[in-house]
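Chemist: Here's my sequence, what's the structure:
(chains A and B)
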There are 2 protein chains.
Amino acid sequence: MIIAVDGMGGDDAPSIVIEGMAKARTLYPDVKYLLFGPEDTLKPLLDQQSALNAQVTLVHTDKVITSDDKPSQALRRGREASMGMAIQSVKAGDAHVAISAGNTGALMALAKFILRTEPGIDRPALISPMPTLRGESVMLDLGANVECTAENLVQFSIMGAAYARVVLGLEKPTVGLLNVGVEDLKGRDAVRQAADTLRAHQSDWPFDYQGFVEGDGIGAGDVDVVVTDGFTGNIALKTAEGTAKLMAKLLERAFKSSTFSKIGYGFARSGMMSLKNHLDPNNHNGGVFLGLNGLVVKSHGGASAHGFSAALAVAIDMARSDLVRLIKDDLDRLEHSQDKNDAMTNNESASI
Amino acid sequence: MIIAVDGMGGDDAPSIVIEGMAKARTLYPDVKYLLFGPEDTLKPLLDQQSALNAQVTLVHTDKVITSDDKPSQALRRGREASMGMAIQSVKAGDAHVAISAGNTGALMALAKFILRTEPGIDRPALISPMPTLRGESVMLDLGANVECTAENLVQFSIMGAAYARVVLGLEKPTVGLLNVGVEDLKGRDAVRQAADTLRAHQSDWPFDYQGFVEGDGIGAGDVDVVVTDGFTGNIALKTAEGTAKLMAKLLERAFKSSTFSKIGYGFARSGMMSLKNHLDPNNHNGGVFLGLNGLVVKSHGGASAHGFSAALAVAIDMARSDLVRLIKDDLDRLEHSQDKNDAMTNNESASI
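Modeler: Residues are numbered from 1 along each chain as shown, chains lettered A, B, ... in the order given. The predicted model follows:
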């Protein structure tokens, strides 16, 4: 198992990258790494991690994608940068998966350009785990496509369910389409048409399609896989993050509002820490671009070393289970079942 | 000032309706009410509130819209129901504003059908206050229109800003368009085109257009008025509610996780109560259908008497400031300024 790592992506790169790799090594001692970035910056950090160092091949490049680079700029000159070289090593078969905590737009543009979409997939999608009352769900698309057709949403359902099987370890995940109500007539055309397709082939899917889910069903954990277009998904994700931040700040104010409250916080500390832990994005790190001919994992830009190691764990899970092939098999299965259905429909018409 | 009240709308109607009116009466002693519903149910409740009773004219109807009624059913037989009659009294000029805690879809359908949209407004929108770190913002559309054009979004900005001036008491509210990023090139066509129009006429608006705002800007209170289509707005609103619920449950678990935590909660109680207070939907009650030839306020279906009185306060604020006329004036002003601009543009073309 070989992972291609962008050594220079993320707010606190390269230090959190190397430290995250060192943390991951204790859990996955056999994994090897291709690390891309400037040798003079990365070598000294690696030298401090002798156990990790033995697993790493350092590939030098001076070029780096910054957080200000536009996707168009990334496409022009990013293939020689640490981010682009990591993706190219997946394309070349030198690594099983690439990972970066860098600029999301640049990473998406480079990944799409270098790896192209899988056969049967029109658009890649960005997926990520979300904390819920039941534990964890996943949601996609989180911003790769601002407009989506019904076909896109059906493909996202297949990809999202495959991801949930691998990363959440579920045998038959539940899937729901994000909508403004749960009744059949609600919502936009694309969402309703996708629902028709998902329901029509219900028995063929390797997941359990449960119908529409509303915004408050995300946090409630109504389904394992929440499927939506990239505009809505991005806004839902950030609204959830913003609300969590709002509540945390109000909570802080509440605890500081009086001496009694401060004493209270002292007592409640361990419980509060476990709450913080459950919501900490570092524990739900590892967004992925699904639907490409190769695996690319996006870590939060502000991830800690712990967060980066969590994203590495997601990358390893996906590579081990060969997520790209899993999605392809599910698509093939659907195509066959649709051919079969079409054949049956033709027979029926003939008998009229 | 006369308010038309649907006596039978809401999960705990009619008791919370009458109690909410009694609460509002202490703050607004001069306001009179037309109360619609079955006399045998409402009369005994009113008789218990003698001070309120003197301000109320009871209008009998046996018919009631239930929470299961579809909008189409509401249109067929809702005009004789308490909800429809309340709206019709606004249309007839017998009341300044109508209020109901009943079925949202039915209320919207009846309000649109009976009152029709204001001149210059193509679609009505549902708006509501939201708690933020800075206090309170408002967001629209929350579900009246699943698809919106750029023109709709511009009209929503005008309507939302007028509402914020009246209900939040702001002289020149800040307005932002909800989008997946703050850069000019981000997002859907309708959102980008609306941004162009809002920016082009920046000096003409009675509000301060601030550009795009992301999902996490809602809770942060980045702008006073968040403008979006009804699909995205509904999902953002419910995602925020769901996340708040998730955090409250996790917090409860955290506080119950050990004896220490339980003691902590005892000490922190008053601070926690003020947090709960800030987030309680009853304190942000009073969604409104904007853009109609008359005012209709929607209270939460699950509102308490306190919540219903908060919605009544919103209704009174809007009626006092004649929100319908305010929106009309803003639209007229824009039209004149556009005519002026068009005239200038024509002159320029002529001189080429």
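
Chemist: which residues in the stretch 251-352 of chain A form strands?
Modeler: Applying DSSP state E, counting those that start in this stretch to the stretch 251-352 of chain A gives strands spanning A:287-290, A:295-298.

Chemist: How about the last one and chain B, touching?
Modeler: No - Strand A:295-298 lies apart from chain B when judged by C-beta under 8 Å from any C-beta of the partner chain; the minimum separation is 15.4 Å. Glycine gets a C-beta too; all of them are placed from N, C-alpha and C.

Chemist: Using TSV, lay out the strands of the stretch 251-352 of chain A together with mean pLDDT.
Modeler: Formatted as TSV, the strands of the stretch 251-352 of chain A follow (pLDDT from 0 to 100):
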stretch	mean pLDDT
strand A:287-290	88
strand A:295-298	94
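
Chemist: Quick one: closest of those to A:Gly37.
Modeler: strand A:295-298 (17.0 Å; C-beta to C-beta).

Chemist: Give the other helices and strands that the closest one contacts.
Modeler: Contacts defined by 3 or more C-beta pairs under 8 Å, 6 or more residues apart in numbering or on different chains; DSSP states H and E place strand A:295-298 against helix A:82-91, strand A:97-100, helix A:104-115, strand A:287-290, helix A:305-321.

Chemist: one step back: how about the strands of the stretch 251-352 of chain A, which one is nearest A:Phe255?
Modeler: Across those, closest to A:Phe255 is strand A:287-290 (C-beta to C-beta), at 31.7 Å.

Chemist: sorry, back to before: any idea which of the helices and strands packed on strand A:295-298 is most buried?
Modeler: For the helices and strands packed on strand A:295-298, the largest average neighbour count (mean count of other C-beta atoms under 10 Å in any protein chain shown) is found in strand A:97-100, namely a mean of 30.

Chemist: Convert that one to PDB, retaining C-alpha atoms only.
Modeler: Extracted as PDB, the C-alpha positions of strand A:97-100 are listed here (Å, rounded to 0.1, in the frame of the first residue of the first chain):
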ATOM      1  CA  VAL A  97      -4.300   7.100  -3.300                       C
ATOM      2  CA  ALA A  98      -3.300  10.800  -3.100                       C
ATOM      3  CA  ILE A  99      -4.000  13.100  -0.100                       C
ATOM      4  CA  SER A 100      -3.700  16.900   0.300                       C
END
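
Chemist: Contacts made by it with the rest, please.
Modeler: Strand A:97-100 is touched from outside by A:3-6, A:9-10, A:83, A:86-87, A:89-90, A:107, A:111, A:294-299, A:311-312, A:315-316, A:318-319, with contacts defined as C-beta atoms under 8 Å, 6 or more residues apart in numbering or on different chains.

Chemist: Run me through the strand neighbours of it, direction for each.
Modeler: In the sheet, strand A:97-100 lines up against strand A:2-6 (parallel), strand A:295-298 (parallel) (DSSP bridges).

Chemist: So which residue is smack in the middle of chain A?
Modeler: The C-alpha lying nearest the average C-alpha coordinate of chain A belongs to A:Gly287 (C-alpha atoms, centre = their mean; 2.3 Å).

Chemist: What separation do you get for that residue and A:Gly143?
Modeler: Using C-beta to C-beta, to the nearest Å, A:Gly287 is found at 10 Å from A:Gly143.

Chemist: One more: A:Lys43?
Modeler: Distance, A:Lys43 to A:Gly143, using C-beta to C-beta: 35 Å.

Chemist: Tell me which of the two has more neighbours.
Modeler: A:Gly143 (24 against 14; other C-beta atoms under 10 Å in any protein chain shown).

Chemist: close to chain B, is the lengthiest strand in chain A?
Modeler: Scanning chain A for the strand with the most residues, using DSSP state E, yields strand A:125-132. Yes - interface with chain B: strand A:125-132 contributes A:131-132 (C-beta under 8 Å from any C-beta).

Chemist: what residues does that strand touch?
Modeler: Here strand A:125-132 makes contact (C-beta under 8 Å, 6+ apart) with A:104, A:108, A:136-145, A:152, A:156, A:159-160, A:163, A:167-168, A:218-221, A:226, A:230, A:233, A:237, A:240, A:278-279, A:283-284, A:286-291, A:298, B:246.

Chemist: returning to what we had before: got JSON lines for the strands paired with strand A:97-100, with mean neighbour count too?
Modeler: Below are the strands paired with strand A:97-100 laid out as JSON lines (neighbours: other C-beta atoms under 10 Å in any protein chain shown):
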{"stretch": "strand A:2-6", "mean neighbour count": "28"}
{"stretch": "strand A:295-298", "mean neighbour count": "27"}
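
Chemist: Make a markdown table from those strands and add distance to A:Asp30 to it.
Modeler: Formatted as a markdown table, those follow (distance: least, C-beta to C-beta, whole Å):
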| stretch | distance to A:Asp30 |
| --- | --- |
| strand A:2-6 | 10 |
| strand A:295-298 | 18 |
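
Chemist: Surely A:Met139 is within a strand?
Modeler: Yes - judged by DSSP: H, G, I helix; E, B strand; the rest coil, A:Met139 forms part of a strand.

Chemist: and the residue nearest to the centre of chain A, bridged to which residues?
Modeler: Note on A:Gly287: beta-bridge partners by DSSP bridges are A:Lys298.

Chemist: What about A:Val225, how many residues nearby?
Modeler: A:Val225 has 31 neighbours, counted by other C-beta under 10 Å.

Chemist: Just want the angle from the longest strand of chain A to helix A:305-321.
Modeler: Strand A:125-132 and helix A:305-321 meet at an angle of 120 degrees, taking axes from the mean of the first three to the mean of the last three C-alpha atoms, to 10 degrees as the criterion.

Chemist: Tell me what angle strand A:125-132 forms with helix A:104-115.
Modeler: If you take the same axes, to 10 degrees, strand A:125-132 sits at 130 degrees to helix A:104-115.

Chemist: Run the chain-centre distance for strand A:125-132.
Modeler: Mean C-alpha position of strand A:125-132 versus that of the full chain (C-alpha atoms, centre = their mean, to the nearest Å) differs by 6 Å.

Chemist: For it, which strands pair with it and how are they oriented?
Modeler: Its sheet considered, strand A:125-132 pairs with strand A:135-140 (antiparallel), strand A:287-290 (antiparallel) by DSSP bridges.

Chemist: quick revisit: is it possible to get a markdown table of the helices and strands packed on strand A:295-298 that adds distance to A:Asp196?
Modeler: A markdown table is the format used below for the helices and strands packed on strand A:295-298 (distance: least, C-beta to C-beta, whole Å):
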| stretch | distance to A:Asp196 |
| --- | --- |
| helix A:82-91 | 36 |
| strand A:97-100 | 35 |
| helix A:104-115 | 29 |
| strand A:287-290 | 23 |
| helix A:305-321 | 30 |
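
Chemist: Pick out the shakiest of those, pLDDT-wise.
Modeler: For these, the bottom mean pLDDT is recorded on strand A:287-290, which sits at a mean of 88.

Chemist: Lovely, talk soon.
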